[in-house]
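Participant: heads up, no residue letters with this:
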C-alpha cells in the first residue's frame, strides 16, 4: 500500500480549508496543513476537519512547504509520496487519486497537475497567471528541452526524490524550483490534466500587483540561474 501524505500551505483560508480537507480521498495517510501566519480561523477549521496543523510564522509559500517537510522528516514511518495542494479550493482534491496514479502504477517520479484551458472555469486564472505560466514553461522548453505546460501547485512526487531536490526557495519560486531541479536530476515526470475553478477568497499572489511582480521575478530568476549553471 502506497503511503501518501498531503502538505497544504494556508494563509487566511478559513472559508475553504475544511472543504479542501474533506474532499481529499481516504487513501491519504495524513493531511498536514501549515498555518502560515493566518489571522482568521484557518487553524481551528483545519483541526476540526481532521488535519494535522503546524505553524510557520515566516510568511511565504516555500517556508510553509519546508515546514511540512521538516515535520515529516521527524517521523519514524516515512511516506512514499508527497502531494502538495493549495488551501483555497481552486483545485479538486478528489483528483488526487488520478494525480498519484503515474507514480503508483508506472513508477514515475514526479507528476504535475496541469490546469489545461478546457478544464478551467472561466476567470479561475488571471491573465497575468496565464501569461506567466506560458512564459516560464516556454523558457524551460527553450533552455532545457522541458515538456512542461504549467506551474500548477497541485503536484505529487516520490518522497525520496523530493528530499534529493534539496528545496530552498522560501516564497514564490517554490514550484518552478522543483520543476527545474527535477529536470537537472533527470527525474521522470508527466503532467496530468486537472480541473480548476475560481478560488474562495482573494489570491495572495496573483490577486495583488506586488504579489504578481515578485512572483514573476522569482520564477524568472530561478530559470535564468539554472540556464547559466554548469
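Facilitator: Looks like it came in fine. Bear in mind that the values here come from a model prediction, so they are computed numbers and not experimental data.
Participant: so how far is the helix or strand where residue 163 lies from its chain's centroid?
Facilitator: Applying DSSP states H and E as the criterion places residue 163 in helix 159-165. Put simply, helix 159-165 sits 15 Å off its chain's centre (C-alpha atoms, centre = their mean, to the nearest Å).
Participant: after the helix or strand hosting residue 9 comes which helix or strand?
Facilitator: Using DSSP H and E, residue 9 sits within strand 4-10. Using DSSP H and E, the helix or strand that follows strand 4-10 in sequence is helix 17-22.
Participant: Just the buried positions in the helix or strand just after that following helix, please.
Facilitator: Where DSSP H and E defines the elements, the next helix or strand beyond helix 17-22 is strand 28-35. Under the neighbour-count criterion of 16 or more other C-beta atoms under 10 Å, strand 28-35 has 28, 30-35 buried. For glycine as for every other residue, the C-beta is placed from the backbone atoms N, C-alpha and C.
Participant: And stretch 173-188, by the same measure?
Facilitator: Going by neighbour count (16+ other C-beta under 10 Å), the buried part of stretch 173-188 is 173-183, 187.
Participant: lowest average confidence, helix or strand, in this structure?
Facilitator: In the chain, no helix or strand scores lower on mean pLDDT, DSSP states H and E than helix 209-227, which sits at a mean of 69.
Participant: ok so, going back, tell me what the helix holding residue 163 is packed against?
Facilitator: Packing partners of helix 159-165 (3 or more C-beta pairs under 8 Å, 6 or more residues apart in numbering; DSSP states H and E): helix 61-73, strand 81-84, helix 174-184.
Participant: now those as CSV including distance to residue 48 and mean pLDDT?
Facilitator: Listed next are the helices and strands packed on helix 159-165 as CSV, based on distance: least, C-beta to C-beta, whole Å; pLDDT from 0 to 100:
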stretch, distance to residue 48, mean pLDDT
helix 61-73, 19, 98
strand 81-84, 21, 98
helix 174-184, 27, 95
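Participant: for the ones you listed, which one sits closest to residue 22?
Facilitator: Residue 22 lies closest, by C-beta to C-beta, to one member of these: strand 81-84, at 15.7 Å.
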